[in-house]
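> Sequence and predicted structure are below.
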Amino acid sequence: MRLITLNTWGGRLGHKLIPFLTKQADTTDIMCLQEVLDVPESETKKKEWKDIESAVDRHAGIENQRTLDLYWRIHTALPAFNSNLSVAYSSGNERLATFVKRSLTIEKCTYRNLAVVKNQVYGVPFKLGSPFQYSRIKANGTAYNICNIHGLWQPVGKGDTPERRKQSESWIRESSKLDGKTILCGDFNLSPDTESIALLEKEGFVNLVKEYGIKTTRNELYASKKGKFADYIFVSKDIEVSDFEVIEETVSDHLPLCIDFS
C-alpha cells in the first residue's frame, strides 16, 4: 500500500495542493492531512475570527490566504476515497483529515486531543491542541493502525519542552493499545535530535526520516530558518517498507512524505 502525509498549511496554496492530491490519488491508498480547514461562513463574520485570521496570516509571512472550505474541496476532488475529519484542534479551526481508498475496509476511526496549550500570535490569544487521529484499516486480511498526528506548535521552535516530552509519552501510550502493524505520521513539530523523538525510537518505532537520511521536510516557503524538519513517518518493526521518499513539490510550506509498505 501507499500512504502520503502532508501538512496542508490551511490550503494557502490550494490551487497547487488540490491538483497534487488529485494526481496522487490513482497510486495512493491513504492520505493523512493536517491543518485542514472546514470553517462555517457564520464564523468568518465574527470579530474574534477576523483577529485570529489576521494574526495567522502575519505569522505565515505570505499573502496567500487560507482556503476556509479546504476539506470540502479535497473531499470533492477525491471521489474514490472515504474520509474522516476531526473536530478543530486550534483557535484557527485546524483539523486532521484521513482519506482512505474505498477499496479498503475502515474498521475503526477515533480521535483524541492529547493536550491543549495557550499561546499568543501577534498579541492574539490562540489555543492549540495535540490531536491524534487513529484509523484501523484492513487490507488483504491484514490490519494496519494509521495514526495521523499534529504535534504541538510552540514559539520556542522545534526543541524539547516539558509539554512535548509528555506528548511523546502520550503517543507511545496510545499506540501501545493497538494490536497490529502501526504507522505514526504527520507534522510532529520536532527537531530530529530531540529527546521527544528519541522516546519514540527507544520504544521500537523506526524513524524513516532518519533511516533514509532525509535532509529536510520543509521548503523555501518555510519562514523560519531555525529548523529543516517537522514531519515524520514512524513504523512498527513488523511493517515492511519497500520505499520512502520526500516528494519535492511545493504545495505547502511542508513537503509531502510518502511510504510504500506492507
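Cool, got the structure. Everything numeric here is computed off the predicted structure, so don't read it as measured data. Residues are numbered from 1 along each chain as shown.
> Spit out the contact partners of Ala139.
By Cβ atoms under 8 Å, 6 or more residues apart in numbering, the contact list for Ala139 reads 1, 29, 104-105. C-beta here means a position set from N, CA and C on the backbone, and glycine is covered the same way.
> where's it relative to Trp72, distance?
27 Å (Cβ to Cβ, to the nearest Å).
> Tell me the secondary structure of the closest residue to Lys118 other than its chain neighbours, please.
Closest residue in space to Lys118, ignoring its immediate chain neighbours: Lys127 at 5.6 Å, by Cβ to Cβ, 6 or more residues apart in numbering. In terms of secondary structure, Lys127 is strand; the call rests on DSSP: H, G, I helix; E, B strand; the rest coil.
> what about Lys127, how many neighbours?
A total of 13 residues lie near Lys127 under the criterion other Cβ atoms under 10 Å.
> Please apply the same query to Pro131.
25.
> do Gly204 as well
10.
> quick one: it from Thr182, how far?
Taking Cβ to Cβ, one finds Gly204 at 10 Å from Thr182.
> quick revisit: looking at the contacts of Ala139, state which has the most neighbours.
The most crowded member of the contacts of Ala139, judged by other Cβ under 10 Å, is Asp29 (21 neighbours).
> my guess is that residue meets Ile4, correct?
No - judged on Cβ atoms under 8 Å, Asp29 makes no contact with Ile4 at a distance of 9.3 Å.
> which residues touch the residue lying closest to Pro192 once chain neighbours are set aside?
Nearest residue to Pro192 in three dimensions, chain neighbours excluded: Phe229, at 5.3 Å (Cβ to Cβ, 6+ apart). Counting by Cβ under 8 Å, 6+ apart, Phe229 makes contact with 158, 190-192, 209, 216-218.
> of all those residues, which two lie farthest apart?
Leu190 and Thr216 (13.9 Å; Cβ to Cβ).
> which residues of the stretch 101-250 of the chain score low on pLDDT?
Applying pLDDT under 70 to the stretch 101-250 of the chain flags the ranges 223-227.
> Perfect, I'm done here.
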